[in-house]
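Undergrad: got a predicted structure plus its sequence, pasted below:
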Amino acid sequence: MLTRQLRIEEVPLARDAHTGAASGGYAAWLNTGREGFHQQPATADQVEQMFQAHEVDARVLTGVYDDSLPADWVDPLVPVATYASFAKTLNVGASLVPAHLVTMVTVRPTHRRRGILRELMTGDLARAKAAGYPVAALTASEATIYGRFGFGRVTEQQTLHLDVRGDVRFHAAASGSVLQVPPHVLGTVAGPVFEAFHASRRGSVGRQEAYLRHATARWGQEGPDPDPKLRAAVYLDPAGEIQGYVTYVFAGWDSKPLTLNVRDLVATTEVARREIFRFLSSVDLIERISHPFAAADDPLGWALEDPSRVSYTGREHCLWVRVLDVPAAFAAREYRGSGTFTLRVADPQGLVAGSYAFAIRDGRAKVTELDEDGPADFSCGAVALGPLLLGACGIGDLVSAGLLEPAERALPAEPAALSELLDLPGVPHAINGF
Ligand SMILES: CC(=O)SCCNC(=O)CCNC(=O)[C@H](O)C(C)(C)COP(=O)(O)OP(=O)(O)OC[C@H]1O[C@@H](n2cnc3c(N)ncnc32)[C@H](O)[C@@H]1OP(=O)(O)O
């Protein structure tokens, strides 16, 4: 429990009545959050930019305040911890579900390991469940923090490097065309292209306003300031429909090898993605293309006559999902064929503890919570539900990891039968963080 001096308050997205600028409370909250991630304090203009973006996202900001700190040394508006949430959707395979996204979690070093994160997270997840969200999600700074709150890792990302020295040859003939455009043109392009990608890719999570501002060069990588270095291009399919876009910057003449860094690449089809890489590989005076949001099963090597041109570094966890409503979340997932099974879930936060019956017919499931919490065909903890929901790995992987347990009476064939129903081709993939 928090000590008595600590106050948890919602920080309104309010403006100062006289100046019209973002309120001092907002600026103090923002800068505390930035400090938690070792960023310098925002200038007045940067505060305004962030405020506008947070308003578009309709973020709910929370601050924790320590009234015992000396007010003449520490501004009472400055919180000792920050926490934010906003609503987007998550593609869980058969459809998009509302997702409660958690971000900007920071606790000052003077107040860490006193249960502030635990208090904020448990209260917030309970409220998100009560509000009807089937899932919560976050991207984590460290992999070991959020499992205890029932978040399971569902997507990974890695940096793709494409060696573009010499003639990069693709198996397929070129299809469609690429148009170089000033980044501001993406103002009307980026949103619809991302929505088409989002609707088609399992694991994709909705994007916050910052992505549009980055794509249009209003914001740069270092902060919410214009980025004159950014370049952009759109891909049109043979029918002239826009099916993808890319933004990129030259890493500089000191980069070795000379590198183009992809900032954002959104393609609604694999062909669009391939053609965007064909375009990037045709940029002269460049030796390498680097793209930081490639999927764990990135297919680009298959498109090239010389697959050894592609290498990957920095594979890491990206999206973590916490199931808050098993019947609603799992009814929106894809399955294969028809069958039934029961699943017993243990949950330290008590949000989804219970037993559930899955009736799967022709790839869709009806999931009901059972009144009796008796023996089930399989059991797992809340932390396994995210990967199970998204098909992040095979059932066999979850069983051998000890995250999913067949009942003691289970026949050896039962996990295999569950695999037949639940294993999906490919891996989920998210192309944004938050
Ligand atoms: C979604 C996001 O925003 S991800 C970004 C998270 N924030 C950061 O990385 C910024 C720097 N770090 C911090 O601000 C803080 O250290 C936080 C937010 C990670 C933790 O806040 P605290 O208030 O210290 O955590 P709290 O005391 O509530 O700990 C809760 C549990 O998490 C554990 N925990 C806390 N931090 C970590 C960590 N970095 N790694 C592993 N476990 C951790 C604690 O041991 C505790 O475990 P238990 O209750 O099961 O025994």
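TA: Received it, and whenever you're ready, just let me know what you need. Values in this document were obtained by computation on a predicted structure and should not be read as measured data. Residues are numbered from 1 along each chain as shown.
Undergrad: who touches E420 in this structure?
TA: Contact analysis of E420 by C-beta atoms under 8 Å, 6 or more residues apart in numbering lists 336-337, 339. Just so you know, the C-beta spots here come from the backbone N, C-alpha and C atoms, and that holds for glycine as well.
Undergrad: ok, which of those residues also contact the ligand?
TA: Among the contacts of E420, no residue is within reach of the ligand (C-beta under 6 Å from any ligand atom).
Undergrad: now do the helices in the stretch 151-300 of the chain.
TA: With DSSP state H, counting those that start in this stretch, the ranges of helices along the stretch 151-300 of the chain come out as 186-200, 210-215, 270-281, 300-303.
Undergrad: swap that for the stretch 301-434 of the chain, sorry
TA: 326-331, 385-390, 395-400, 413-422.
Undergrad: can you lay out those helices as CSV showing distance to E142?
TA: Below are the helices of the stretch 301-434 of the chain laid out as CSV (distance: least, C-beta to C-beta, whole Å):
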stretch, distance to E142
helix 326-331, 25
helix 385-390, 17
helix 395-400, 22
helix 413-422, 29
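Undergrad: just the ones you listed: most buried one?
TA: Ranked by mean neighbour count, those are led by helix 385-390 with a mean of 27 (mean count of other C-beta atoms under 10 Å).
Undergrad: show me which of the contacts of E420 is closest to R409.
TA: Of all the contacts of E420, G339 has the smallest distance to R409: 17.9 Å, by C-beta to C-beta.
Undergrad: other SSEs contacting the host helix or strand of S85?
TA: In this structure, S85 sits in strand 81-91 according to DSSP states H and E. Counting contacts by 3 or more C-beta pairs under 8 Å, 6 or more residues apart in numbering; DSSP states H and E, strand 81-91 packs against helix 24-36, strand 60-66, strand 96-107, helix 116-130, helix 186-200.
Undergrad: any chance of a markdown table for the helices of the stretch 151-300 of the chain, columns mean neighbour count?
TA: Shown next, in a markdown table, are these (neighbours: other C-beta atoms under 10 Å):
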| stretch | mean neighbour count |
| --- | --- |
| helix 186-200 | 18 |
| helix 210-215 | 22 |
| helix 270-281 | 22 |
| helix 300-303 | 16 |
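Undergrad: tell me which of those lies nearest to M121.
TA: helix 210-215 (22.8 Å).
Undergrad: and the stretch 101-250 of the chain, which residues reach the ligand?
TA: With C-beta under 6 Å from any ligand atom as the criterion, the stretch 101-250 of the chain meets the ligand at residues 102-107, 112-118, 138, 140-142, 144-145, 148.
Undergrad: are any of the residues you listed buried, and which?
TA: Neighbour-count burial (16 or more other C-beta atoms under 10 Å) is assigned, among these, to 102-107, 114, 116-117, 138, 140.
Undergrad: tabulate the residues you listed (JSON lines), appending distance to R364 and pLDDT.
TA: Putting those into JSON lines (distance: C-beta to C-beta, whole Å; pLDDT from 0 to 100) gives the following:
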{"residue": "V102", "distance to R364": "29", "pLDDT": "98"}
{"residue": "T103", "distance to R364": "32", "pLDDT": "98"}
{"residue": "M104", "distance to R364": "36", "pLDDT": "98"}
{"residue": "V105", "distance to R364": "35", "pLDDT": "98"}
{"residue": "T106", "distance to R364": "41", "pLDDT": "98"}
{"residue": "V107", "distance to R364": "42", "pLDDT": "98"}
{"residue": "R114", "distance to R364": "46", "pLDDT": "95"}
{"residue": "I116", "distance to R364": "42", "pLDDT": "97"}
{"residue": "L117", "distance to R364": "37", "pLDDT": "98"}
{"residue": "L138", "distance to R364": "28", "pLDDT": "98"}
{"residue": "A140", "distance to R364": "31", "pLDDT": "96"}
